[in-house]
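K.L.:
structure for this input, please:
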Amino acid sequence: MVEESVLDIFTRFVEVQAPSGFEEPMMRAFMEEIKPYVDEVHGTPRGNMIAVQKGGNPKAPKVALVAHLDQIGFIVFNIDATGFVRFRKIGGSVTRAIQGQHLQILTEKGPIVGVVGMKPGHITTPAEANTIPPIEDMYIDIGARSREEAIAMGVRNGTPITYATAPVKLANGLIASPSIDDRAGCTALIQIAKRFAKKRPKATVYYIGSVEEEIGLRGAETCLHDLDVDMAVAVDTFPAGFQPDVNMRDLFYEVGKGAGLHVGELGDRVRIQSQQVHKWLRRTAEAHGIPHQVGIMSGGTDAMTMMQTRGGIPACTIGIPRRYSHSPVEVFAPSDLENLIKILTTAISELEPGFTTTRPQS
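P.N.:
Predicted coordinates for the structure are as follows:
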């Protein structure tokens with residue numbers, strides 16, 4: 001049974017708008033949620049949020065759990081003379097999902113909701129009807145009648161934009177929502193901290209909210225730089241298959257079948273993550289019968305960057321599958337999130353002094 005509090009936290013986080021480079025609202029929300037359960041919280045100059053929960057044995061391993069605070073979004077590029085707003089992407093939003101959507105422009109005066117307009121179907125040619133226009137040709141209608149009126153409303157070049165879509169419940173307990181990536185991971189960190197506050201493990205746990213993951217894993221470049229941790233786990237989400245237009249050959253993770261444990265990540269080549277950390281999590285899931293899936297993820301997470309930190313921190317990724325990746329209607333199963341939380345809490349609670357994920361030295 002999924003605890004209601006997990007979905008409560010998730011919903012609160014989804015309501016926070018924080019595209020890459022503009023994470024301050026989510027930084028504050030993450031800090032406020034986790035502060036009651038940890039010993040200290042601080043930010044870094046880059047914007048990463050770090051919370052420390054001291055373990056019961058200083059000789060036990062120190063573990064970093066990292067979820068990214070940012071979300072995909074857009075940014076105001078220009079305002080034309082008639083008040084329509086031109087925009088560009090922040091991160092990898094799916095272009096074909098943008099037209100006809102409600103967006104909110106996050107001005108300093110408050111959010112302004114607009115709609116992404118399109119040419120009327122009555123005068124659309126057959127060729128146009130079957131073509132996705134580039135984002136350079138798209139525009140947001142906020143109801144303004146001129147550039148001056150839009151500016152007076154608070155819209156400026158460089159203002160961030162996000163989808164204005166609320167979570168909805170689907171059949172079989174599924175949730176459709178924007179920003180599952182990575183509000184789900186942030187939710188997991190809060191829930192793990194809450195559970196360990198009741199019974200501390202021997203291991204010390206660092207809960208890290210990283211920034212700018214969606215535009216190049218930038219926060220992860222520095223989030224562990226000053227921390228003496230033995231291993232790190234990126235807690236994220238990833239594209240799922242098992243839908244009519246996706247070949248299982250390309251995406252084989254399935255929503256509702258458990259958390260995903262990554263052996264590596266697939267970009268222009270396969271990038272292998274720490275097999276020692278991966279096996280620690282996989283063997284925990286196997287030993288306790290916690291539903292999980294194992295594979296190679298398409299894309300990248302903070303784990304690969306963290307493995308380049310200092311002398312090389314052993315790191316891997318655990319996440320939940322989501323359908324319709326980087327759209328305003330991503331779909332996930334809360335049961336997958338609960339199983340992810342179970343794997344991490346169980347694995348960390350069983351850590352003892354002497355456990356190591358370091359590869360053989362001789």
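K.L.:
for the residue positioned nearest the centre of the chain, give me its contacts.
P.N.:
With distances taken as CA atoms, centre = their mean, the residue of the chain nearest its centroid is D182 (1.6 Å). Shown in contact with D182 (CB atoms under 8 Å, 6 or more residues apart in numbering): 67-71, 213, 235-237. From N, CA and C alone the C-beta is placed, and that goes for glycine too.
K.L.:
now do the helices in the stretch 101-250 of the chain.
P.N.:
126-129, 147-152, 180-198 (DSSP state H, counting those that start in this stretch).
K.L.:
point out the most buried one among the ones you listed.
P.N.:
The highest mean neighbour count among the helices of the stretch 101-250 of the chain, using mean count of other CB atoms under 10 Å, belongs to helix 180-198: a mean of 24.
K.L.:
how far away from the center of its chain is it?
P.N.:
On the basis of CA atoms, centre = their mean, to the nearest Å, helix 180-198 sits 12 Å off its chain's mean C-alpha point.
K.L.:
I figured S179 was touching V14, is that so?
P.N.:
Yes. Taking contacts as CB atoms under 8 Å, S179 lies within contact range of V14: 5.4 Å.
K.L.:
give me the more crowded residue out of these two.
P.N.:
Legend: neighbour count by other CB atoms under 10 Å for S179 and V14, higher for S179 (29 against 21).
K.L.:
now do the phi/psi pair for the more buried one.
P.N.:
In terms of degrees, to the nearest 10, the main-chain angles of S179 are phi 60, psi 20.
K.L.:
any idea how far E24 is from it?
P.N.:
Distance, S179 to E24, using CB to CB, to the nearest Å: 16 Å.
K.L.:
okay, buried residues for stretch 283-295 please.
P.N.:
Applying a neighbour-count criterion of 16 or more other CB atoms under 10 Å, the buried positions in stretch 283-295 are 284-285, 290-293, 295.
K.L.:
distance between the ends of that stretch?
P.N.:
15 Å (CA to CA, to the nearest Å).
K.L.:
now swap in stretch 206-220 and tell me
P.N.:
14 Å.
K.L.:
give the rounded mean pLDDT of that stretch.
P.N.:
For stretch 206-220, mean pLDDT rounds to 91.
K.L.:
next one: stretch 334-346
P.N.:
The pLDDT scores in stretch 334-346 average 98.
K.L.:
report how many residues lie close to I320.
P.N.:
31.
K.L.:
between the host helix or strand of it and helix 180-198, how big is the angle?
P.N.:
Assigned by DSSP states H and E, I320 belongs to strand 315-322. Taking axes from the mean of the first three to the mean of the last three CA atoms, to 10 degrees, strand 315-322 and helix 180-198 form an angle of 120 degrees between their directions.
K.L.:
run me through the strand neighbours of strand 315-322, direction for each.
P.N.:
strand 231-239 (parallel), strand 259-266 (antiparallel) (DSSP bridges).
K.L.:
how about the ones you listed in JSON lines, adding mean neighbour count and mean pLDDT?
P.N.:
Converted to JSON lines, the strands paired with strand 315-322 look like this (neighbours: other CB atoms under 10 Å; pLDDT from 0 to 100):
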{"stretch": "strand 231-239", "mean neighbour count": "27", "mean pLDDT": "95"}
{"stretch": "strand 259-266", "mean neighbour count": "22", "mean pLDDT": "88"}
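K.L.:
any chance of those strands in CSV, plus distance to K279?
P.N.:
Putting the strands paired with strand 315-322 into CSV (distance: least, CB to CB, whole Å) gives the following:
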stretch, distance to K279
strand 231-239, 12
strand 259-266, 9
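K.L.:
among these, which is nearest E149?
P.N.:
Taking CB to CB, strand 231-239 is the member of the strands paired with strand 315-322 nearest to E149, at 39.0 Å.
K.L.:
E33 in helix, strand or coil?
P.N.:
helix (DSSP: H, G, I helix; E, B strand; the rest coil).
K.L.:
run a quick neighbour tally on it.
P.N.:
Counted with other CB under 10 Å, E33 comes out at 20.
K.L.:
what sits against it?
P.N.:
9, 12-13, 190.
K.L.:
distance of it from Y207?
P.N.:
Distance from E33 to Y207, by CB to CB: 10 Å.
K.L.:
also H102?
P.N.:
Counting by CB to CB, the gap from H102 to Y207 is 33 Å.
K.L.:
hang on, T204 packs against G56?
P.N.:
No. Contact criterion CB under 8 Å: T204 and G56 do not qualify, at 9.0 Å.
K.L.:
if I look at the nearest residue to A60 once chain neighbours are set aside, what pLDDT would I see?
P.N.:
Leaving aside its chain neighbours, A60 sits nearest to K202 (3.9 Å; criterion: CB to CB, 6 or more residues apart in numbering). Per-residue pLDDT puts K202 at 97.
K.L.:
re earlier: T204 and G56 - which one has more neighbours?
P.N.:
T204 (24 against 11).
K.L.:
what residues are up against the closest residue to the more buried one other than its chain neighbours?
P.N.:
Among residues not flanking T204 along the chain, G55 sits closest, at 4.1 Å (CB to CB, 6+ apart). By CB under 8 Å, 6+ apart, G55 lies in contact with 62, 200-205.
K.L.:
since that was my last question, I'll sign off now.
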